[in-house]
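[1] any chance you can model this:
(one chain, ligands or ions: 2)
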Amino acid sequence: MHLNKVSLEARHISLSYGSTEVLKDVNIRIEPGEFFALLGPSGSGKSTLLRLIAGFNQHQRGELLIDGKDITGTPPHLRNVGMVFQNYALWPHMTVWDNVAFGLVERKEPKESLRRKVAAALELVGLQDYAQRRPSQLSGGQQQRVALARTVVIEPKLLLLDEPLSNLDKNLRVQMREELKNLQRTLGLTTIFVTHDQEEAMTTADRMAVLDKGVLQQVGTAAALFDFPANRFVASFVGTAN
Ligand code: ADP
Ligand code: MG
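    Ligands and ions are numbered 1, 2, ... in the order given. The predicted model follows:
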């Protein structure tokens with residue numbers, strides 16, 4: 001796989017639904033190849049920010065830059081961003097192979113390189129022996145691996161993960177976050193991992209941002225947030241298991 005490492009910058013991003021301000025003057029710079037966690041309670045605006053980066057949500061103010069280039073007006077299909085959701089969103093009637101191949105088929109990828117890329121993506125997540133199964137014949141963890149394979153197979157510039165482990169039970173979640181971390185290290189892909197679980201963020205991310213009510217409270221390493229929280233919210237959210 002040929003993956004470029006890109007930086008991502010959000011400058012003064014604000015977004016409202018009607019009169020409700022959901023994101024308020026958000027500023028972040030994510031470095032090339034960084035595993036960045038976006039941490040915050042339910043309703044804080046995490047998914048909204050992720051969808052905005054993918055191009056599914058339009059913001060009212062501010063700019064979004066990939067490698068310094070303004071992508072604010074670029075439609076989703078031209079952003080080359082890969083997104084993985086909590087509920088996997090696999091096609092139930094298709095085999096694992098066809099699920100993973102889907103994005104490449106849409107792009108009219110030549111047959112030989114399609115075969116090579118799908119095989120490589122399945123191997124990357126350890127599912128090479130499951131290619132002919134259907135999603136219903138897989139465990140939750142395996143389904144999420146298919147979703148990851150399907151996303152990285154298109155060689156995205158950015159990997160966006162929206163609470164990808166929330167549907168899994170606790171033990172599997174711990175195992176999967178290790179896998180996620182290894183996958184990200186292997187690919188070196190700039191990654192934003194949205195979670196409401198502070199432990200998940202702290203054990204995976206190079207750096208993280210804490211969001212509350214649409215306002216970024218602090219950005220930094222796990223150690224920095226834990227040792228020097230910027231305010232009470234960060235102190236209680238990062239310091240307490242939930
Ligand atoms: P999180 O992912 O952190 O749980 P969301 O980004 O989903 O938070 O939501 C942030 C806020 O925006 C919530 O108050 C939610 O109700 C509101 N919201 C999200 N999507 C919409 C929408 N399409 N229309 C109106 N309000 C929305
Ligand atoms: Mg969400």
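[2] how about the helices in this structure?
    46-54, 96-106, 111-124, 140-152, 170-187, 198-204, 222-227, 232-239 (DSSP state H).
[3] which elements pack onto the last one?
    In terms of contact count using 3 or more CB pairs under 8 Å, 6 or more residues apart in numbering; DSSP states H and E, helix 232-239 is assigned the packing partners helix 198-204, strand 207-212, strand 215-220, helix 222-227. Placement of C-beta: from N, CA and C, glycine included.
[4] can you put those in JSON lines and add distance to ligand 1, mean neighbour count and mean pLDDT?
    Shown next, in JSON lines, are these (distance: least, CB to the nearest ligand atom, whole Å; neighbours: other CB atoms under 10 Å; pLDDT from 0 to 100):
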{"stretch": "helix 198-204", "distance to ligand 1": "13", "mean neighbour count": "20", "mean pLDDT": "93"}
{"stretch": "strand 207-212", "distance to ligand 1": "7", "mean neighbour count": "23", "mean pLDDT": "97"}
{"stretch": "strand 215-220", "distance to ligand 1": "12", "mean neighbour count": "20", "mean pLDDT": "97"}
{"stretch": "helix 222-227", "distance to ligand 1": "18", "mean neighbour count": "16", "mean pLDDT": "93"}
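[5] nearest to Gly40, of these?
    strand 207-212 (3.6 Å; CB to CB).
[6] quick one: list the elements packing against the closest one.
    Using 3+ CB pairs under 8 Å, 6+ apart: strand 207-212 touches strand 35-39, strand 215-220, helix 222-227, helix 232-239.
[7] at 6 Å instead, please
    strand 35-39, strand 215-220 (3 or more CB pairs under 6 Å, 6 or more residues apart in numbering; DSSP states H and E).
[8] please enumerate residues in contact with the shortest one?
    So the one you mean is strand 35-39. 30, 46, 184, 191-195, 201, 205-210 (CB atoms under 6 Å, 6 or more residues apart in numbering).
[9] just the closest of the residues you listed to Pro76, please.
    Of the contacts of strand 35-39, the one sitting nearest to Pro76 (CB to CB) turns out to be Ile192, at 15.6 Å.
[10] ok, back up a step: as a markdown table, the helices and strands packed on strand 207-212 with distance to Leu159 would be great.
    What follows is the helices and strands packed on strand 207-212, written out as a markdown table (distance: least, CB to CB, whole Å):
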| stretch | distance to Leu159 |
| --- | --- |
| strand 35-39 | 9 |
| strand 215-220 | 19 |
